[in-house]
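# Let's see this in three dimensions:
(one chain, ligands or ions: 1)
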Amino acid sequence: MTACGQLTFTIQHEWVSFDRLPTETMTRGPMHIETNVDLQPFNTFGLPARAHTLIRIRSEAGLAQVVRNPVYAAAPKFVLGGGSNVVFRESVPHVILKVEITGRRLFRENPTEWIVEAGAGENWHELVAWTLANGWPGLENLALIPGTVGAAPIQNIGAYGVEFNDRFLSLDAVDLTSGQPVSLSAEQCCLSYRDSVFKKTLAGRCLVTRVRLKLPRPWRAVLDYPDLRRRQTALGSAAPDAGEVFEWVCASRRAKLPDPEQIGNAGSFFKNPVVERERHCTLLAREPNMVSYPLTDGRFKLSAGWMIEACGWKGRHLGHVGVYDRQALVLINLGGASHGELMTLAEAVQDSVYDRFGIRLEIEPVVL
Ligand code: EPU
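Modelled structure (predicted):
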């Protein structure tokens, strides 16, 4: 093992010497440290990348040890969950903190809600399935979203008419500068569409360790999403239970979105842009078929997938990357893709959409 004390993080370009770093693993108390790590298995897009150091965080004690260790104190750190919302460059200069804190339990219950707590390293979909199996419904619309529980609040995951925010109570985290544990309420996390305080003022500052969710009692199905309504009508199921909704969501996702185990991808690659009412009116006059949704604050969310398709990108390939042929919001790895190819495609899509609609699409995953 290269003595950790010899690694210099203040010089970020230290990573040029990756080749000379041995690939090794060391366990020191609760710390599990690996050097010169292949990150390809740790990102669902399957991009080739290497990190100088990766530390597996399996407990709060392990994390405290990392934060207190002077070797890592000055290092830029990146918190990694399931790697489903990240785009790695070939060389990642950060110390990767891979969150593997597990555990899930019914934290509390009262006549109006079940409160469930889960470790940040738990798989999100498995948590959803576990709550249903225990008779605590409410997360079924968020089934099959790839990634971990700890990543869910960062981008406020959402699908099929429900956002994480709708079920979120509070979380525990550790301040990566001071090592202090903190508890944050839903309000303090400032969750909004694919956004949170962790992408703004607390970016890079916190590692989420545990999350608490509140599942309302009595349960009510959320079936506003057109595809769920269609399935309900087709099956003639007047009052579906949570298990049925879970199955419909899984079927709908499987039909539209590529399984990262089969085709590398990072889910939606762009956010749906939100525009003011006047801008929406002007656009609609020019593009009468444009798909959009009114928001409660008077603004409109535009379907980026529709705009990308309208620009002729759906199903197109560029080198080893492409735009998925069943959902244009998803960019895919055709095998052997590089970071450069992916970003070239992303920019070409952004440019086309800008040229036609005057809107610059924002990339959704974190580009590191
Ligand atoms: N559409 C097209 N062409 C496309 C894709 C979409 O015309 O290629 C139009 C269709 O009219 C479709 C509408 O856009 O009915 C909405 O499409 P979809 O239901 O697939 O939803 P989305 O807005 O494109 C969002 C989330 C997805 C989530 C779905 C379902 C974002 C960035 N994406 O996509 O989340 O699964 O809604 O709720 O908000 C993810 O974040 O990784 C993700 C997959």
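# which one's the longest strand in the protein?
strand 206-216 (DSSP state E).
# Just the CA trace of that one, in PDB.
Extracted C-alpha coordinates of strand 206-216, given in PDB (Å, rounded to 0.1, in the frame of the first residue of the first chain):
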ATOM      1  CA  CYS A 206     -22.200  17.100   3.600                       C
ATOM      2  CA  LEU A 207     -22.500  13.300   3.500                       C
ATOM      3  CA  VAL A 208     -26.000  12.100   4.100                       C
ATOM      4  CA  THR A 209     -25.900   9.100   6.400                       C
ATOM      5  CA  ARG A 210     -29.600   8.300   7.200                       C
ATOM      6  CA  VAL A 211     -33.000   9.400   5.700                       C
ATOM      7  CA  ARG A 212     -36.400   9.400   7.300                       C
ATOM      8  CA  LEU A 213     -39.600   9.200   5.200                       C
ATOM      9  CA  LYS A 214     -43.200   9.700   6.200                       C
ATOM     10  CA  LEU A 215     -45.800   7.500   4.500                       C
ATOM     11  CA  PRO A 216     -49.300   8.900   4.900                       C
END
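# residues of it that come out buried?
Within strand 206-216, the residues that count as buried by 16 or more other C-beta atoms under 10 Å are 206-215. Glycine gets a C-beta too; all of them are placed from N, C-alpha and C.
# ditto for stretch 192-208
194, 196-199, 202, 205-208.
# got it, and stretch 131-147?
131-132, 136-147.
# Next: stretch 248-255.
248-250, 252-253.
# try stretch 310-323
310-311, 313-314, 316, 318, 320-323.
# And the residue nearest the centre of the protein?
In the chain, the residue lying closest to the centroid (C-alpha atoms, centre = their mean) is residue 85, at 4.2 Å.
# how many neighbours does the nearest residue to that residue once chain neighbours are set aside have?
Closest residue in space to residue 85, ignoring its immediate chain neighbours: residue 365 at 4.5 Å, by C-beta to C-beta, 6 or more residues apart in numbering. The number of residues packed near residue 365 is 23, by other C-beta atoms under 10 Å.
# residue contacts, the closest residue to residue 276 other than its chain neighbours?
Excluding the flanking residues, the one nearest residue 276 by C-beta to C-beta, 6+ apart is residue 299, at 5.7 Å. Residues near residue 299 by C-beta atoms under 8 Å, 6 or more residues apart in numbering: 274-277, 280.
# For the stretch 101-250 of the chain, which residue gets nearest to the ligand?
Nearest residue of the stretch 101-250 of the chain to the ligand, counting by C-beta to the nearest ligand atom: residue 159, 3.8 Å away.
# What is the burial count for that residue?
Neighbours around residue 159, by other C-beta under 10 Å: 19.
# For the lengthiest helix in the chain, buried residues please.
Ranked by number of residues, the top helix in the chain under DSSP state H is helix 339-357. The neighbour-count check on helix 339-357 (16+ other C-beta under 10 Å) flags 339, 341-342, 345-346, 349-350, 352-353, 357 as buried.
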